[in-house]
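Q: give the three-dimensional model of this entry:
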Amino acid sequence: MLGSAMSLSTTYDFVIVGAGAAGCVLAHRLSADPTTRVLVLEAGRPDPPWDVYVHMPAALSFPIGNPRYDWQYESEPEPEMGGRRVYHARGKLYGGSSAINGMIFQRGNPLDYETWASRPGLERWDYAHCLPYFKRMETCLAGTDAFRGGDGPLVLERGPAATPLFQAWSQAGQQAGYPLTDDVNGFRQEGFGLFDRNIHRGRRLTAAHGYLRPALRRPNVTVVPRALVTRVVLQGTRAVGVEYLKDGRPHTVGAGEVILSGGAFNTPQLLQLSGIGAPEHLASAGASAHHPLPGVGENLQDHLEVYVQHLCTKPVSMQPALKRWRRPEIGFRWLFLRSGPGATNHFEAGAFCRSNDEVAYPNLMFHFLPLAIRYDGSQPEGGHGYQVHIGPMNSDARGSVKITSSDPATKPAIRFNYLSTDQDRREWVEAIRVARRILGQPAFSEFDGGETSPGPSVQTDEEILEWVRRDAETALHPSCSCRMGTDDLAVVDPDTMGVRGLDGLRVVDASVFPTIPNANLYAPTTMVAEKASDLILGNTPLAPEPTPFYRHRQDT
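A: Numbering: from 1, shown residues only. From the prediction side, this is the model:
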């Protein structure tokens, strides 16, 4: 049931801060024991079942930039991006950003998790240990095998990608020398293939739908919407509750365990507001230092992307679906038949490639789209078109999240330092050249009306980088700002998810990633929360599954 604000004397076994992807998983798993009382505090609002902008897959661009759905973050002026601020959409309702994302369901490469496990203390975060949790969370309608699950809360449909432009994309990849893959989330990520989407029967399936709604049918789960948590209450080195604002009034609730699941921006912000972080930074922001932990808010990572766009000479793109006069027909087909252009996110296929032969595993991810339009719905081309979304997946640029005030309503200063390293700049140039080589293959010759973005005037390395500085936007994958580990800058214990040096306080969300996976982050975040739920409950973890996976180089 939906609860109301609790009194000071109320204590829950678990208080979860945030009803995004990780918070929804935790609410579901931690409340399975009917004697356990779980409270979820969400600063956003519920996700009504009638909201077309959330549940119609093709409406994904409408919530972005809309303050009813989006927290509307911006980075600080980025030095290597011409000093411009990069807009960051974050979901403002149950399900968090899973309610406004592109619905592309990618796990990342198995070697991402081998990289995690190569760090001291993270040995049990290798792919073999993560795989059973990836499988537990999904129902893969394309079929089950050693890599894919068949009875989890998240139903995944694979894109059909049956239109002429998608067929040209697949053929062009082969002509450019890249392999096909049967399942980018299975044995071999590398190659051109169909994408899994968290869409079922024409409807977006969010974390709230898969995890939170079933949990709310239990009497031991309470969710308080529009509750802004302002501070973790500490007694010595133990967290005993949280303070929050609801309808402008302050409340305090006790907790056996406090679990922060606010994401890569909000979790470090709340830790710092609670006096947990680098003492010199907290002092400069007017916050009292309670527990020194210098890694809070550091190591921030993201994926930056651009769109390489082409005009299409044949009327085979999805561009007509953008016409306003088509909306009633599209809406009718979606509402009553769950079919038509409204029932897909249109990101039905793509590819994972290496930018050069020295790279151990794919560092480029392509999302192919059979129309030419920006992610937020702006700047569509006038006629038929197509585009590919591209950017390096393993950038070594590192940023930070830092409060500038002790006021919880003041957004933190977010810096990504995009394009700040030699590797990042080199891989960006490689990425654009690879994209152009694929789109220039004979398979596209009957459709190609010419490149419109960046356009033929952009050719040299510096011209490419200047275009990226001017035009790139985030792929909306902030992470790693409270990373797991055992070194001095680690924030979270990888064996317990506890904040290092404190009791009763844990972090479970994308902020704990040591490094960003080469994927959209909904699936990795859900996996981490699934695994964390067992660690928190003291359950015997699922047995590792050392299933062989594809390696381009056997020495990795």
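
Q: so what's the closest residue to Asp493 other than its chain neighbours up against?
A: In space, and not counting its chain neighbours, Asp493 is closest to Arg500: 5.7 Å by CB to CB, 6 or more residues apart in numbering. Placement of C-beta: from N, CA and C, glycine included. Under the criterion of CB atoms under 8 Å, 6 or more residues apart in numbering, the neighbours of Arg500 are 293, 490-493.

Q: helix or strand for Val468, which one?
A: When secondary structure is defined using DSSP states H and E, the element that contains Val468 is helix 461-471.

Q: in that helix, what counts as buried?
A: Applying a neighbour-count criterion of 16 or more other CB atoms under 10 Å, the buried positions in helix 461-471 are 464-465, 467-469.

Q: could you dump those into a markdown table with distance to Arg551 and pLDDT added?
A: Listed next are the buried residues of helix 461-471 as a markdown table, based on distance: CB to CB, whole Å; pLDDT from 0 to 100:
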| residue | distance to Arg551 | pLDDT |
| --- | --- | --- |
| Ile464 | 31 | 98 |
| Leu465 | 32 | 98 |
| Trp467 | 34 | 98 |
| Val468 | 30 | 98 |
| Arg469 | 35 | 97 |
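
Q: would TSV of those residues with distance to Thr410 be doable?
A: Conversion of the buried residues of helix 461-471 to TSV gives the following (distance: CB to CB, whole Å):
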residue	distance to Thr410
Ile464	37
Leu465	34
Trp467	34
Val468	31
Arg469	28
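
Q: in the stretch 51-200 of the chain, which spans are strands?
A: Using DSSP state E, counting those that start in this stretch, the strands of the stretch 51-200 of the chain run over residues 73-74, 87-88, 138-140, 154-158, 191-194, 196-197, 199-200.

Q: parallel or antiparallel, which strands does the last one pair with?
A: The reference is to strand 199-200. Strand 199-200 has these partner strands in its sheet, going by DSSP bridges: strand 203-204 (antiparallel).

Q: quick one: Thr35 from Ala89, how far?
A: As for Thr35, its distance to Ala89 is 39 Å (criterion: CB to CB, to the nearest Å).

Q: looking at the two, which is more packed in?
A: Per other CB atoms under 10 Å, whichever of Thr35 and Ala89 has more neighbours is Ala89, with 21 against 6.

Q: next, the contact list for the more buried one, please.
A: Under the criterion of CB under 8 Å, 6+ apart, the contact partners of Ala89 comprise 63-65, 70-73, 97, 100, 376, 476.

Q: worst-scoring helix or strand of the protein, pLDDT-wise?
A: Here the helix or strand of the chain ranked lowest by mean pLDDT, DSSP states H and E is helix 327-337, holding a mean of 81.

Q: what packs against the helix or strand immediately after that helix in the chain?
A: For helix 327-337, the following helix or strand on the C-terminal side (DSSP H and E) is strand 349-353. Secondary structure elements in contact with strand 349-353, counted by 3 or more CB pairs under 8 Å, 6 or more residues apart in numbering; DSSP states H and E, are helix 164-175, strand 191-194, strand 364-369.

Q: compare the ones you listed and give me the one nearest Val258.
A: Smallest distance to Val258 across the helices and strands packed on strand 349-353 (CB to CB): 34.9 Å, for strand 364-369.

Q: ok and that closest one relative to helix 164-175, angle-wise?
A: With axes from the mean of the first three to the mean of the last three CA atoms, to 10 degrees as the criterion, the two stretches strand 364-369 and helix 164-175 enclose an angle of 150 degrees.

Q: just the pLDDT for the residue nearest to Asp493.
A: At Arg500 the predicted local confidence, pLDDT, stands at 98.

Q: do the same with Lys323
A: Per-residue confidence at Lys323 stands at 71 (pLDDT).

Q: dump the residue contacts of it.
A: By CB under 8 Å, 6+ apart, the contact list for Lys323 is empty.

Q: ok now the least confident helix or strand of the chain, how far from the chain's centre?
A: In terms of CA atoms, centre = their mean, to the nearest Å, the gap separating the centre of helix 327-337 from the centre of its chain is 29 Å.

Q: can I have the buried ones of the contacts of Ala89 as a ChimeraX selection?
A: Buried residues within the contacts of Ala89, as defined by 16+ other CB under 10 Å, are selected in ChimeraX through the command that follows:
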select :63,64,70,71,73,97,100,376,476
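
Q: please name the spatially closest residue to Tyr87 (chain neighbours excluded).
A: Counting by CB to CB, 6+ apart, the nearest residue to Tyr87 once its immediate chain neighbours are dropped is Glu74, at 5.6 Å.

Q: burial of the one you found, as a residue count?
A: 12.

Q: pLDDT below threshold where in this structure?
A: Low-confidence segments of the chain (pLDDT under 70): 1-9, 321-322, 374-382.

Q: after the helix or strand where Ala239 lies comes which helix or strand?
A: Ala239 belongs to strand 238-246 when elements are defined using DSSP H and E. Along the chain past strand 238-246, the next helix or strand (assigned with DSSP H and E) turns out to be strand 249-260.

Q: just the strands in the stretch 401-550 of the chain please.
A: 413-415, 448-453, 473-474, 505-507.
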